[in-house]
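Novice: Quick check, what structure comes out for this input:
(chains A, B, C, D, E and F)
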There are 6 protein chains.
Amino acid sequence: MDLLIVNPNSTASMTRTIEAAAKAVAAPGTRIVAATSQAGPASIEGYYDEALSVPGLLAEIREGERAGARAAVIACFDDTGLDAARAMARIPVLGICEAALSLAAFVARRFTVVTTAEAARVPVEDLVARYGMAGRARVRAAGMSVLSLEDPTSGSGELLRAEIRAALTQDHAEAIVLGCAGMADLARRLSEEFGVPVIDGVSAAVKQAEALAALGLFTSKRGAYAAPSPKRYSGAMASFAPMPSGTE
Amino acid sequence: MDLLIVNPNSTASMTRTIEAAAKAVAAPGTRIVAATSQAGPASIEGYYDEALSVPGLLAEIREGERAGARAAVIACFDDTGLDAARAMARIPVLGICEAALSLAAFVARRFTVVTTAEAARVPVEDLVARYGMAGRARVRAAGMSVLSLEDPTSGSGELLRAEIRAALTQDHAEAIVLGCAGMADLARRLSEEFGVPVIDGVSAAVKQAEALAALGLFTSKRGAYAAPSPKRYSGAMASFAPMPSGTE
Amino acid sequence: MDLLIVNPNSTASMTRTIEAAAKAVAAPGTRIVAATSQAGPASIEGYYDEALSVPGLLAEIREGERAGARAAVIACFDDTGLDAARAMARIPVLGICEAALSLAAFVARRFTVVTTAEAARVPVEDLVARYGMAGRARVRAAGMSVLSLEDPTSGSGELLRAEIRAALTQDHAEAIVLGCAGMADLARRLSEEFGVPVIDGVSAAVKQAEALAALGLFTSKRGAYAAPSPKRYSGAMASFAPMPSGTE
Amino acid sequence: MDLLIVNPNSTASMTRTIEAAAKAVAAPGTRIVAATSQAGPASIEGYYDEALSVPGLLAEIREGERAGARAAVIACFDDTGLDAARAMARIPVLGICEAALSLAAFVARRFTVVTTAEAARVPVEDLVARYGMAGRARVRAAGMSVLSLEDPTSGSGELLRAEIRAALTQDHAEAIVLGCAGMADLARRLSEEFGVPVIDGVSAAVKQAEALAALGLFTSKRGAYAAPSPKRYSGAMASFAPMPSGTE
Amino acid sequence: MDLLIVNPNSTASMTRTIEAAAKAVAAPGTRIVAATSQAGPASIEGYYDEALSVPGLLAEIREGERAGARAAVIACFDDTGLDAARAMARIPVLGICEAALSLAAFVARRFTVVTTAEAARVPVEDLVARYGMAGRARVRAAGMSVLSLEDPTSGSGELLRAEIRAALTQDHAEAIVLGCAGMADLARRLSEEFGVPVIDGVSAAVKQAEALAALGLFTSKRGAYAAPSPKRYSGAMASFAPMPSGTE
Amino acid sequence: MDLLIVNPNSTASMTRTIEAAAKAVAAPGTRIVAATSQAGPASIEGYYDEALSVPGLLAEIREGERAGARAAVIACFDDTGLDAARAMARIPVLGICEAALSLAAFVARRFTVVTTAEAARVPVEDLVARYGMAGRARVRAAGMSVLSLEDPTSGSGELLRAEIRAALTQDHAEAIVLGCAGMADLARRLSEEFGVPVIDGVSAAVKQAEALAALGLFTSKRGAYAAPSPKRYSGAMASFAPMPSGTE
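Specialist: So this is what the prediction gives:
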């Protein structure tokens, strides 16, 4: 089966990191189809970048579903556009934050998410609450930019490790969740270094997407994720107009 | 002062309803500047419409702030794009759901939001929880489309009244919040009919925006609503790239 | 319109501070009517002072409503007697804590209330929870008495500033709420000093009261705030007996 | 030991009902001292009556503590004035709602409070939330006045029974809490009739007060219940001024 | 890899239903090892059965881990003994309630769990709250015994369908979670019948267990799930004494 | 009346500490019957010990109820097996954590539980949340083993005092709850030392059990604590099979 994984920022090198992490854990029958958004920010840090990455992201998911993908993963830890994508698509769509938190909850009672920039901390805290983990998970920002993860000379690795250390000693964290798609390649190494489960959202979402597909599950089209009713969209968004059901 | 009110859907007749409601309550010194989104859905019903209305909405707010507006109101009850707009703008930005709930809380301990379509119910329930009102407010959908509000022959008025009656008897509602910008002209009449406070979000937001402006308050640029860091935006979103601070 | 603002403690100099803050932000058509409680504590610090200020406070609001006030503000950050006043009055009644928190929520996602004495901290924490802000707002006590705010030689300004600094660095606060009516004159100066929104409850409540009045909203008389049923009151409270509706 | 039980409304016949219920369960060494408030409403139904019963109530508790009572019970299900009384007194003070809920939680996982008038329902719901039972307990109003409980011809017994039946079938209630001090004499009979635990707050509070006294526990004077700091009280409240510690 | 699935009740026919459901969804490389508890109740309905099934369950998991299982699933919807098993084992242990809820959350915003007997309803409600889903999921009991699911003449299928219908119309459920391991074979058929996702916990847990194994994740041994410290166990429990680490 | 108090660990010296604490506070008419579990761990620290102590504990409670005990106390701060015991027994069953928290709530608004080992901290945090105290109570571990409390040379007293000091200064605790049955003899002395209420669960539960008995209250047999339905139990658990009602 084809599993679409969309990098909703436009930085292709980050897509390659994500794709590699996805391929490293994909089951034999899964073909990872990685896509980079064609419209949007070079990185997603905070609410503004988040919102403006959604149309480009939705375009990729729509395209991927038409091309036969059996599930889709949004590879940004803010779970940008997740509800919109679920309303649009019939295939399951997963956010990497939601996926990582749900796996962390299986192996630890208390854990800490370590994200990148301070601007991402509150949005992730809100997600943690939305997913019902407010009493179990804390969020820390390592004080670095998303793109610095792509640069081996940036010192981002040290900032990340320092924050993990603080999580273990100050938060009594039992496991660590890496709070950025750009950290997808670091989970195993950090887990060995620190001796606790370290969970990366990209690989978590790939496995959960495979799980949903294997069980024949699709997004409910009843209630909150009902298909959008047909209507006119104007201007730059005209191409996104929902079609009357049956015409697609 | 100029107060920008943006209809994030592209239906100009609804903008006129909103504008009239805003003007009816504006203070003498307030000039209402109503704008219709140039890009997006004809109406906003559910997560998909919501997400795709955001770029058009942000463009109007950016434009309005540059033109000297002192505050902005997003005239859609889903508070679409609210966090993104706050991160982008320095002027206060208000959502009509948040504004209506906060005024309702001053005049009642329990109240019910009556919205339009079933697809809007869960998104509004999530907003109610986000604004800390989950224990005080219920949400009902009257089972009608947003655009039917513009059509006097649609029977939407009767559907709305029936749902208000149910809220009073079954939910023990003490006040009613109208859960759609398109209902902005109905609040006073319904309040007289039912003998309880009926709150419309558009007029609530206009008054709260005037309040913030009068107090000299602006959106905090520290933490969650910090200005987006400068970066490249690609494709159809290129024009939204945040500029280095100081260059604007 | 007349807007009644009641200082529920009996310190007239504090009423003057409150009145000045209210007048500084009142709209042209608003006449601020400030009243000092004739019965109760010289300052309100903790649950005991709170409870015993209520009859004096209610007397002022009843009097003010009879004299034609269109809304009332209770100028104590503990929102003393708020529910009782709403049950008694038909005009809207606002607490300055509730008003300040609701405005802070428009300009910041996380904020900190800085109050005076340690004895006031837990009561304010309980209010923050009651208003649905427990996940967004913290409460700090600056370790000073309410009346020291009236004394320029008390060092209270420095204690307040130190606590604001702690809120910004330790709580990641994005905005500050001043947690005492006696701080009403300090908001603008502190906002400039610290570069974040600083919100004073007195001025917040004045503007929200004007908003409610402009929208024609009154306290719901259905449910929790229904007019008290007629009954005998004995002893020192005899004058508070609710009258059969229609006789007033 | 002397156990003070204060009826904060001024209806002496209700005090006798309460006193009898208290005496029926008091331990051999406990002397029940019942007091009727000398100032306040004839019954407490809703926020207004609640607030105005507090000074009269506090006067009785202060008097009782001076006279040597070892604990005090506030015999009104709204737990009127509870925090103020705890700040004032060193002896433990119990509310009958808090006491009843805590005992109900020992014998059932889900239960329903049946109170009297609709105006009391929301205040009790707020107490249930305050005591951490929002997920376990529902509140129903039987639609009768408090004083009708004193009148055998009023039909209040039937209204109460009908509401208990509804609680059992519709709420899946496993136990019933009687939500008014005036029902103190009915618990055992209703428990036998319905075959589930029926808990009366007056007797619950008497036993919990005895428990606290036997364990040598007093109200903490650190933090929220610290003794009020000495200050002037004016007007009708002058006699309530807290004295400098040591002078009493 | 070997995936252990333990039926914590002693009814072997139910183990076969569970095993078949597990095998139907297992990945090619997964060998399902199904075990029936050798000590405990014939079915688990309520807290008492739950607690007494734990030692037998833990024995099977300990045995299975020693025999090389890479993950374990507890096939009872009450997630009986889950925390104890996680503290004991290093391999991941999954409960079928937790697993089902986490998958349901990916395909629906609101859903309903339909369990068997009324005695199981409150325990499952408590699990729903523990897993952070209290605002999203309701629990219904179909009013039948667990063992009746094994008997085609019992009418249990009709009871289940009636409750699903009620969930869809009254709860606005968007998906259904089957709240008993004995329903594991019904999910696909019911999903087709009702046109919404129907999720069975056994298959959900198998896929999540495979996911954790594929990612190299183990239960955290830091904090809540730290290995029990070595100590003496007496009587019938002697064989469960934790061994000093390193001796096993 | 006979009041059964069960030490669910097998260490008889700890039973003697518990028994002495219970006898010290028991009312004249109460006969304390202390029992040590005949099967299970020497001490209970964390989820694994907890679960495996339940059958031995239930056996003692069943035996005690048959022998005429009027109420039972589970003397382990994890409230091990509480729900199962309530489903099994008709007499009231109390956990010492639940009992201690409910008394602490009468004398303080904020308090801290100080428990023994780090492995016990999260389980107690979960209990605090279950009992609705998450906003009021914190949990600290003093970093010592349960059995060290029995050894005067272990330095456990100093560790406990240090943690109490931290609770007072860092948590603003107004009262302290001792989070281990083995600390039952220390409450009065520590209360005098620190000048705040210090609450021991064993004595709290004894008094609450007496309260329930005096009020004629029994565990509800409707809903969550309904008697387990008759069924076969196999293997080592065979003797626990619930009997058809009426046969016992």
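Novice: Spatially nearest residue to the residue nearest the centre of chain A (excluding sequence neighbours)?
Specialist: Nearest to the geometric centre of chain A sits residue A:96, at 2.9 Å (Cα atoms, centre = their mean). Distances taken as Cβ to Cβ, 6 or more residues apart in numbering or on different chains place residue A:201 nearest to residue A:96, at 2.9 Å, with adjacent residues excluded. C-betas here are computed from N, CA, C, even on glycine.
Novice: what's the burial count for that neighbour?
Specialist: Other residues within reach of residue A:201, judged by other Cβ atoms under 10 Å in any protein chain shown, total 35.
Novice: Now do it against chain E, distance only.
Specialist: Residue A:201 sits 11 Å away from chain E, going by Cβ to the nearest Cβ, to the nearest Å.
Novice: Show me which residues of chain A sit near chain F.
Specialist: Taking Cβ under 8 Å from any Cβ of the partner chain as the contact definition, chain A meets chain F at A:109, A:110, A:135, A:172.
Novice: Narrow those residues to those that are buried.
Specialist: A:109, A:110, A:172 (16 or more other Cβ atoms under 10 Å in any protein chain shown).
Novice: For the last one, list the residues it contacts.
Specialist: For residue A:172, the residues meeting the contact criterion (Cβ atoms under 8 Å, 6 or more residues apart in numbering or on different chains) are A:110, E:223, F:118, F:121.
Novice: The same query, at a cut-off of 6 Å, please.
Specialist: With contact set as Cβ atoms under 6 Å, 6 or more residues apart in numbering or on different chains, residue A:172 has these partners: A:110, E:223.
Novice: cool, and the second one?
Specialist: When the contact criterion is Cβ under 6 Å, 6+ apart, the partners of residue A:110 are A:136, A:172, A:174.
Novice: which stretches of chain A form helices?
Specialist: A:12-25, A:47-52, A:54-66, A:82-88, A:96-107, A:118-130, A:156-170, A:187-194, A:201-214 (DSSP state H).
Novice: Include mean pLDDT when you put these into JSON lines, please.
Specialist: Shown next, in JSON lines, are these (pLDDT from 0 to 100):
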{"stretch": "helix A:12-25", "mean pLDDT": "95"}
{"stretch": "helix A:47-52", "mean pLDDT": "97"}
{"stretch": "helix A:54-66", "mean pLDDT": "98"}
{"stretch": "helix A:82-88", "mean pLDDT": "98"}
{"stretch": "helix A:96-107", "mean pLDDT": "98"}
{"stretch": "helix A:118-130", "mean pLDDT": "95"}
{"stretch": "helix A:156-170", "mean pLDDT": "96"}
{"stretch": "helix A:187-194", "mean pLDDT": "96"}
{"stretch": "helix A:201-214", "mean pLDDT": "98"}
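Novice: Show the end-to-end separation of stretch A:30-44, please.
Specialist: From its first residue to its last, stretch A:30-44 covers 28 Å (Cα to Cα, to the nearest Å).
Novice: pLDDT wise, what is the residue nearest to residue A:129 when sequence neighbours are not counted at?
Specialist: Once flanking residues are discounted, residue A:129 sits nearest to residue C:135: 6.4 Å by Cβ to Cβ, 6+ apart. At residue C:135, the model reports a pLDDT of 93.
Novice: what does residue A:146 give?
Specialist: Predicted confidence (pLDDT) for residue A:146: 84.
Novice: From residue D:154, how far out is it?
Specialist: 70 Å (Cβ to Cβ, to the nearest Å).
Novice: Which one's more surrounded, the two?
Specialist: residue A:146 (28 against 14).
Novice: Contact partners for the more buried one?
Specialist: A:43, A:45, A:116, A:182.
Novice: can you pull the contacts of the second one?
Specialist: Residue A:45 makes contacts with A:117, A:119, A:120, A:146, as judged by Cβ under 6 Å, 6+ apart.
Novice: Can you tell me which residues in chain A are near chain C?
Specialist: residue A:122 (Cβ under 6 Å from any Cβ of the partner chain).
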